[in-house]
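Peer 1: no FASTA, just this:
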């Protein structure tokens, strides 16, 4: 049985990532090649599908674990009757090979230990061909290969490698694993202790650029480190999460592959990075965005691979039982083929915000924006699948239309504030037309609230974006009415649900947890409408959901009090950072994006 989601920690090298459970087991490892099947997949099934365990022979969970300050180097300590042992895990930032270093350190007494390595490829289906070469165990399966080196005597046993050894106080016993293309020689192993030192220094140099120094500095620092770990450094793309098919409801079917880059995350991510001092990462994300969306606006996708890949075909792998029986397990994401109107607004807003903070503009960027605007002039009238990527048919979603308004609004601002050339009068007319339609068709005057889609009475947490993007000022009675309605109907045990899933709008069976990014949006709304004490109270409840090493997923089940969904989730960490800045007593991201500071 896999661990609960909150029992995992993340390690990574800005190209790939692994999850480490608090029992000493690495249950998920993805390699940098986008199309590679080289991964441990125990999170999706059981231990027979791959894992790497180093733990006391008696088993048990960690007594303590922590990241080294300012780093992604993990330390996990186990107490036993015989003594205390520490396992240090890291993925050195190196090159296109994937290195994973694990060092077992004796802290007190003498502790009997057990190591178990189960190597599988093809999402748990392929047993590799094993051989010993140059002091290493090498596993090969098709294009992928792994090499393992340790002074501990590993022996084959039932299609796995195991070892028993004892760690005494002061001992430091290394284990190293490297992924490499099978057509090449195994990479040269370097000194593991030096690699740990260099990795610690690299992360501390990077995280020292943090400019946020408010009361939530430790949480913000951990979140920006997590975002850096989820960045594919060669391109600047930021994946939503390193995992697939961790369920939004235990036993349910809402299990999606999040190992891709969503365009709608762009503005939020840019703000989180720029607000905390990481301009070079924001610039790399902006450049990834420009390269990725280049081409015909009619072919704009809502998500891409970390290098800008377009073909993300979704399929199910029925040989894995799923996390705690949550099936199907999905690889790929069919939502990449959907029409989602809001991404046009997100892209234009993201590029507008880079101009606002002084990131040097690219000449081609404005030409791209002009092409997107020309397409949007006709497309905004069409129904779409919306921000939540519903599979129950297209509708005229209110949030989608609001984001179309954002696209035209930012185009007008680009001309008026930055002197770019375009037809401002035409876009003002479109902006006004969209605004009028949304207020007429997306607003229920009897209930004093905006609704999920035209003609619907359902609520949707995406409506919280209305004041955050400047569609209406926070003081508008319709904003207050919508905020009150969402608090009354969508807030459960203090946290926000996206919408009522039993209504059938998304074409899926009901059941999911509270959606944590939306809960942070609620805190932002409360702050913007002057309810700062309530905003801070909600923010405190949300940050309390982070696990013992400061990580958080997409959703939460208030009943069973456990995290749900893919983990760790970039958008939740982004929302945490932005809310922390909004509540820091200065003009934050919500004020900038909505233009509140200009209106007040």
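Peer 2: Looks like it arrived, so ask away. None of these values were measured; they are calculated from a predicted model.
Peer 1: so where's the stretch 501-600 of the chain shaky on pLDDT?
Peer 2: Within the stretch 501-600 of the chain, the stretches with pLDDT under 70 are 503, 585-600.
Peer 1: My error: substitute the chain in the last question.
Peer 2: Ranges of the chain meeting pLDDT under 70: 1-2, 31-45, 47, 95-97, 503, 585-600.
Peer 1: Longest strand in it, please.
Peer 2: strand 98-118 (DSSP state E).
Peer 1: which neighbours does it have in its sheet, and in what orientation?
Peer 2: Strand 98-118 has its sheet partners listed here by DSSP bridges as strand 51-56 (antiparallel), strand 83-90 (antiparallel), strand 161-168 (antiparallel), strand 172-181 (antiparallel).
Peer 1: for those, which one sits closest to residue 550?
Peer 2: Closest of the strands paired with strand 98-118 to residue 550 is strand 83-90, at 15.8 Å (criterion: CB to CB). Every C-beta, even on glycine, is put in place using the N, C-alpha and C of the backbone.
Peer 1: And for the closest one, what's in contact with it?
Peer 2: Strand 83-90 is contacted from outside by 9, 11, 18, 20, 24, 26, 54-56, 63, 72-78, 100-111, 113, 167, 169, 195-196, 199-200, using CB atoms under 8 Å, 6 or more residues apart in numbering.
Peer 1: Report the buried residues of the longest strand of the chain.
Peer 2: 98-108, 111, 113-118 (16 or more other CB atoms under 10 Å).
Peer 1: roughly how far apart are the residue nearest to residue 396 when sequence neighbours are not counted and residue 441?
Peer 2: Nearest residue to residue 396, sequence neighbours excluded (CB to CB, 6 or more residues apart in numbering): residue 454, at 4.1 Å. Separation of residue 454 from residue 441 (CB to CB, to the nearest Å): 4 Å.
Peer 1: between the two, which one's more packed in?
Peer 2: residue 454 (17 against 14; other CB atoms under 10 Å).
Peer 1: which ones are touching the more buried one?
Peer 2: 395, 396, 398, 441, 442.
Peer 1: ok so, going back, what would the strands paired with strand 98-118 look like in a markdown table with distance to residue 281 and mean neighbour count?
Peer 2: Output for those, formatted as a markdown table (distance: least, CB to CB, whole Å; neighbours: other CB atoms under 10 Å):
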| stretch | distance to residue 281 | mean neighbour count |
| --- | --- | --- |
| strand 51-56 | 30 | 24 |
| strand 83-90 | 20 | 23 |
| strand 161-168 | 38 | 17 |
| strand 172-181 | 25 | 20 |
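Peer 1: Export the ones you listed as CSV, with columns for distance to residue 238.
Peer 2: Output for the strands paired with strand 98-118, formatted as CSV (distance: least, CB to CB, whole Å):
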stretch, distance to residue 238
strand 51-56, 27
strand 83-90, 21
strand 161-168, 35
strand 172-181, 22
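Peer 1: Give me the distance between residue 408 and residue 400.
Peer 2: 14 Å.
Peer 1: From residue 235, how far off is the residue nearest to residue 233 when sequence neighbours are not counted?
Peer 2: Excluding the flanking residues, the one nearest residue 233 by CB to CB, 6+ apart is residue 14, at 4.0 Å. Distance from residue 14 to residue 235, counting by CB to CB: 11 Å.
Peer 1: rewinding a little: partners of whichever helix or strand comes after the longest strand of the chain in the sheet?
Peer 2: Next along the chain after strand 98-118, taking DSSP states H and E as the criterion, comes strand 129-133. Strand 129-133 sits in its sheet next to strand 136-141 (antiparallel), going by DSSP bridges.
Peer 1: next one: the longest helix anywhere in the chain to chain centre, how far?
Peer 2: For the chain, the helix with the greatest residue count under DSSP state H is helix 398-418. Chain-centre distance of helix 398-418: 26 Å, with CA atoms, centre = their mean, to the nearest Å.
Peer 1: What of stretch 301-315?
Peer 2: 15 Å.
Peer 1: How about stretch 518-538?
Peer 2: Worked out by CA atoms, centre = their mean, stretch 518-538 lies 22 Å from the chain centre.
Peer 1: Next, the distance between the ends of that stretch.
Peer 2: 12 Å (CA to CA, to the nearest Å).
Peer 1: outside of the helix or strand residue 563 falls within, which residues touch it?
Peer 2: In the assignment (DSSP H and E), residue 563 maps to strand 562-564. Here strand 562-564 makes contact (CB under 8 Å, 6+ apart) with 4-6, 246-250, 512-513, 545, 547, 552-557.
Peer 1: partners of it, with directions?
Peer 2: strand 555-557 (antiparallel).
Peer 1: Tally up the residues packed near residue 466, please.
Peer 2: Counted with other CB under 10 Å, residue 466 comes out at 26.
Peer 1: Now it. Nearest residue, chain neighbours left out?
Peer 2: Closest to residue 466 by CB to CB, 6+ apart is residue 472, at 5.5 Å.
Peer 1: starting at the chain centroid, how far to stretch 485-493?
Peer 2: Worked out by CA atoms, centre = their mean, stretch 485-493 lies 25 Å from the chain centre.
Peer 1: Can you mark which positions in it are buried?
Peer 2: So, applying 16+ other CB under 10 Å, buried residues of stretch 485-493: 485, 486, 490, 491.
Peer 1: Can you show me the strands along the stretch 201-350 of the chain?
Peer 2: Under the criterion DSSP state E, counting those that start in this stretch, the stretch 201-350 of the chain carries strands at the ranges 231-232, 237-238, 261-262, 303-304, 315-316, 330-331.
Peer 1: Run through who's touching the first one.
Peer 2: Taking contacts as CB under 8 Å, 6+ apart, the residues outside strand 231-232 that touch it are 14, 15, 32, 237, 238, 239, 261, 281, 284, 285, 306, 307.
Peer 1: mind running it again at 7 Å?
Peer 2: By CB atoms under 7 Å, 6 or more residues apart in numbering, the list of residues contacting strand 231-232 from outside reads 14, 15, 238, 239, 281, 306, 307.
Peer 1: tell me the SS of residue 447?
Peer 2: coil (DSSP: H, G, I helix; E, B strand; the rest coil).
Peer 1: what about the residue nearest to it when sequence neighbours are not counted, helix or strand, and which?
Peer 2: Excluding its sequence neighbours, the residue lying closest to residue 447 (CB to CB, 6+ apart) is residue 485, at 6.5 Å. Per DSSP H and E, residue 485 falls inside helix 477-489.
Peer 1: The following helix or strand past that helix pairs with which strands?
Peer 2: Following helix 477-489 in sequence order, the next helix or strand is strand 491-492 (DSSP H and E). Strands that pair with strand 491-492, judged by DSSP bridges, come out as strand 495-496 (antiparallel).
Peer 1: which helices and strands sit right next to the next helix or strand after the strand it pairs with?
Peer 2: For strand 495-496, the succeeding helix or strand toward the C-terminus, using DSSP H and E, is strand 514-515. Packed against strand 514-515 by the contact rule (3 or more CB pairs under 7 Å, 6 or more residues apart in numbering; DSSP states H and E) you find strand 495-496, strand 555-557.
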